[in-house]
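Visitor: Return a 3D structure for these sequence lines:
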Amino acid sequence: MGLTAVPANAADEDTPRRPNILLIISDDVGLDVTPGMVPGLMEQLIAQYGPEGHDHPDYQAINGHPASTPVLDQLADDGMVFTDAWAQPFCSPTRASLLTGLFAGRTHVQTYADALSQNHDSFVRTLADRGGYSTAVFGKWHMAGLPAEGGDYPGMKPKEAGFQLFRGNMHAALPSFWDYPLHVQDAGTPAGQWRTEEAPVASLPGIAPSTYAAVAKGSDTIDWIRAQEEADPDRPWFTWLAFNLSHATAIQQPSAMMVPNADTLDDVSRAEMEACGGTFGTNEVGNCSGEALMRAMTNSMDTIIGQVLAAVDDIDPNTYVIYIGDNGTPMYGRPNLDFIDNMYITRTGRGKGSAFESGAHVPMVIRGPGIEAGSQNGEFVHVADLFATILSLAGLEVPETVSNSAGDAQIALDSVSLDPILRGGADRVRDPDHDFILTESSNLMTGGTKVIGARNATFKLVCTDSTEDCDFYNLTSDPLEEYPLPEPGSCAASEDWTTADPFWHYCFLLDVVAKRSIL
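Guide: Down below sits the predicted model:
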């Protein structure tokens, strides 16, 4: 059973203090970059393909050489890893699903340029209004759309979502990790406005002061948490740390990739950067490959996460920590793709921007009170589930319905709380046959191509632009989606089929795509 909802206005001495919650989201970090979080998972996925599996491009996305992530690996050892977690194929759709508990067909955030409507409900607003939480977000927002003439962002801003403080960037990729505008919303700014400051100088233990964005976001997070505990130790807090790492700083050319602050790298990553001629703290990357830069940026992020977790554990252990990637890894290492295609995969590609597993399957772990350390769960879960899960962990009631984009109707929540799994009372929260999740986006780099992945526990349908162009897979026997299954000529007789027949699942998922996706 999940936590019992505690009334937000309860204040007697017998009422337990609500837990703190730290949400960390990384940018462009897929399973292939962080296999140490689930040792053996990548090998398990390719085992049934024989020796050829090791040469599969999804497995070889970073040439079989993952990033060094000792902090994330330890976080996984200390909490529960969800081995079958999905995000959306791009940044903005994932963030919108997380905030609202809805799939992209309902948020209407399909691309990295779309704006999330202010009419949507936000779990953060519920935490603040009903749970009494202090709330803050540091880093990449990327839900307000593209700036209009005059610089205004049309979509939902952090304060409109319920955050009391925002220090980060409204848009997507930073122009540089070292010289960038800092957008700020605080008590002095109206919900729809913000001010711009220069990149701050920040440091962390063992890391020299600099304007390096990831260090600044980590430092801001630690400072804010300490300030909350000092100001009111009985008030719970929620903070969202949204890294720009390991995304490239811009998409125009490989030289826009940045070599991280040397102090944030371990010996292995530092040596790799030195060997290929990268100049620390600049965009002078020498002969460093995209894979090497991805490893370095991920290791840098891992180091900074370690600093944040050490501070949190010292300040208040009554804290849940959630880590998730926002989409699959860009295929930096594909020799047959130019840089643009590596960043935004073409319609026939894999990885970030696609609805294949390499575009949607992401690392996800939750650690905290009552969660068994070193545990794993294989339920098919979605980033949207964090909406309901976070409310459950906070002891707040999860709504059955939320507002639609227009604000004129209530619609059923797509998010399902994972609390029963986290508490050890259940292995599943979805029906393996009759429930579904969706990964979907529209790719502006390929003329607005729409890609949709719909799945239940075993089967998956991958469609491009219509229900007439789909491939059908069994993810249990074919997790790398190499061998499409036969499809029925018609679904007219599907009512006579049972769930033992793969054709039933095909027709079920086709109906989901037709009625619930972005098509």
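Visitor: Just the pLDDT for residue 191.
Guide: Here the pLDDT value assigned to residue 191 is 88.
Visitor: Surely it touches residue 157?
Guide: Yes: with contacts counted by CB atoms under 8 Å, residue 191 reaches residue 157, the gap being 6.6 Å. Quick note: C-beta positions are derived from backbone N, CA and C, even for glycine.
Visitor: Show me the helices in the stretch 101-250 of the chain, by range?
Guide: Under the criterion DSSP state H, counting those that start in this stretch, helices of the stretch 101-250 of the chain are mapped to 104-107, 123-131, 213-231.
Visitor: Single out the most deeply packed of these.
Guide: Across the helices of the stretch 101-250 of the chain, averaging neighbours per residue (mean count of other CB atoms under 10 Å) puts helix 104-107 on top, at a mean of 24.
Visitor: what's the average pLDDT for that one?
Guide: For helix 104-107, the per-residue pLDDT averages 97.
Visitor: Packing partners of it?
Guide: helix 91-100, strand 437-443 (3 or more CB pairs under 8 Å, 6 or more residues apart in numbering; DSSP states H and E).
Visitor: change it to 6 Å
Guide: helix 91-100 (3 or more CB pairs under 6 Å, 6 or more residues apart in numbering; DSSP states H and E).
Visitor: Okay, angle between the helix it packs on and strand 437-443 too, please.
Guide: Angle, helix 91-100 to strand 437-443, by axes from the mean of the first three to the mean of the last three CA atoms, to 10 degrees: 140 degrees.
Visitor: what's helix 91-100 in contact with?
Guide: If you take CB atoms under 6 Å, 6 or more residues apart in numbering as the criterion, helix 91-100 is touched by 87-88, 104, 107, 109, 112, 114, 116, 120, 122, 142-143, 326-327, 383-384, 386, 441.
Visitor: Can you verify my assumption that residue 481 contacts residue 358?
Guide: No: between residue 481 and residue 358 there is no contact under CB atoms under 6 Å: 8.6 Å.
Visitor: between those two, which one's more packed in?
Guide: Taking neighbours as other CB atoms under 10 Å, residue 481 and residue 358 compare with residue 358 leading, 27 against 21.
Visitor: Tell me how far the more buried one lies from residue 393.
Guide: Taking CB to CB, to the nearest Å as the measure, residue 358 falls 30 Å from residue 393.
Visitor: Over to residue 298?
Guide: Note on residue 298: its distance to residue 393, by CB to CB, is 27 Å.
Visitor: about what we covered before: who has more neighbours out of residue 191 and residue 157?
Guide: Shown here are residue 191 and residue 157; by other CB under 10 Å, residue 157 has more neighbours (25 against 15).
Visitor: next one: phi and psi at the more buried one?
Guide: Dihedral pair for residue 157: phi -100, psi 160, per degrees, to the nearest 10.
Visitor: Can you give me the separation between it and residue 428?
Guide: 37 Å.
Visitor: Looking at the helices of the stretch 101-250 of the chain, which is nearest to residue 152?
Guide: Residue 152 lies closest, by CB to CB, to one member of the helices of the stretch 101-250 of the chain: helix 104-107, at 20.5 Å.
Visitor: who touches that closest one?
Guide: For helix 104-107, contacts defined as CB under 6 Å, 6+ apart pick out 88, 93, 96, 100, 110, 440, 516-518.
Visitor: before we move on, what about stretch 489-507?
Guide: 433, 459, 472, 485, 487-488.
Visitor: Between which two of those is the distance greatest?
Guide: The widest separation within these (CB to CB) is 18.0 Å, between 433 and 487.
Visitor: Can you pull the domain assignment for the protein?
Guide: 25-447, 448-519 (automatic domain parsing).
Visitor: In contact with residue 202, which residues are there?
Guide: Residue 202 touches 215-216, 219, counting by CB under 6 Å, 6+ apart.
Visitor: Neighbours of residue 408, how many?
Guide: Count around residue 408 with other CB under 10 Å applied: 8.
Visitor: so what's the most centrally placed residue in the chain up against?
Guide: Of all residues in the chain, the one closest to the mean position by CA atoms, centre = their mean is residue 326, 2.6 Å from it. Going by CB under 6 Å, 6+ apart, residue 326 touches 25, 27, 87, 91, 94.
Visitor: Return the per-residue confidence for the closest residue to it other than its chain neighbours.
Guide: Leaving aside its chain neighbours, residue 326 sits nearest to residue 94 (4.4 Å; criterion: CB to CB, 6 or more residues apart in numbering). Note for residue 94: predicted pLDDT of 97.
Visitor: ditto for residue 8
Guide: On the pLDDT scale, residue 8 is placed at 39.
Visitor: Let me know how buried residue 374 is, in neighbour terms.
Guide: Neighbours of residue 374 under the rule other CB under 10 Å: 10.
Visitor: now it: how far from residue 133?
Guide: As judged by CB to CB, residue 374 and residue 133 stand 29 Å apart.
Visitor: same deal with residue 511?
Guide: Residue 511 sits 39 Å away from residue 133, going by CB to CB.
Visitor: between the two, which one's more packed in?
Guide: More crowded of residue 511 and residue 133, by other CB under 10 Å: residue 133, with 25 against 16.
Visitor: what's that one in contact with, if anything?
Guide: Going by CB under 6 Å, 6+ apart, the list of residues near residue 133 reads 127, 236, 238.
Visitor: looking at it, residue 196 is touching residue 184, isn't it?
Guide: No: in this structure residue 196 lies outside contact range of residue 184 using CB under 6 Å: 7.5 Å.
Visitor: Just list the residues touching residue 360, thanks.
Guide: With CB under 6 Å, 6+ apart, residue 360 has these contacts: 86-87, 439, 453.
Visitor: go with 8 Å
Guide: Shown in contact with residue 360 (CB atoms under 8 Å, 6 or more residues apart in numbering): 86-89, 327-328, 354, 439, 453.
Visitor: Count the neighbours of the nearest residue to it once chain neighbours are set aside for me.
Guide: Among residues not flanking residue 360 along the chain, residue 439 sits closest, at 3.9 Å (CB to CB, 6+ apart). Look at residue 439: counted by other CB under 10 Å, it has 34 neighbours.
Visitor: Residue 439 bridge partners, please.
Guide: residue 453 (DSSP bridges).
Visitor: and it, what is it in contact with?
Guide: By CB under 8 Å, 6+ apart, the contact set of residue 439 is 86-89, 355, 359-360, 382, 452-453.
Visitor: And it, what's its pLDDT?
Guide: At residue 439, the pLDDT value in this model is 98.
Visitor: And residue 62, by the same measure?
Guide: In the prediction, the pLDDT value recorded for residue 62 is 57.
Visitor: Same check on residue 433?
Guide: Looking at residue 433, its pLDDT stands at 98.
Visitor: With the one 3 residues further on instead?
Guide: pLDDT, residue 436: 99.
Visitor: Residue 145 too?
Guide: 92.
Visitor: That one and residue 108, how far apart?
Guide: Applying CB to CB to residue 145 and residue 108 gives a distance of 11 Å.
Visitor: between those two, what contacts are shared?
Guide: Counting by CB under 8 Å, 6+ apart, the common neighbours of residue 145 and residue 108 are residue 114.
Visitor: And those two? Which one has more around it.
Guide: residue 145 (21 against 18).
Visitor: Quick check: phi and psi at the more buried one.
Guide: phi 80, psi -170.
Visitor: Excluding chain neighbours, give the residue nearest to it in space.
Guide: residue 115 (2.8 Å).
Visitor: pretty sure that neighbour contacts residue 147?
Guide: No: applying CB under 8 Å as the test, residue 115 and residue 147 come out as separate, 10.3 Å apart.
Visitor: Now the common contact residues for these two.
Guide: Common neighbours of residue 115 and residue 147, counting by CB under 8 Å, 6+ apart, are residue 153.
Visitor: Quick check: residue 101 vs residue 385, distance?
Guide: From residue 101 across to residue 385, the span is 8 Å (CB to CB).
Visitor: Overlap in contacts, those two.
Guide: Contacts common to residue 101 and residue 385, judged by CB under 8 Å, 6+ apart, are residue 415.
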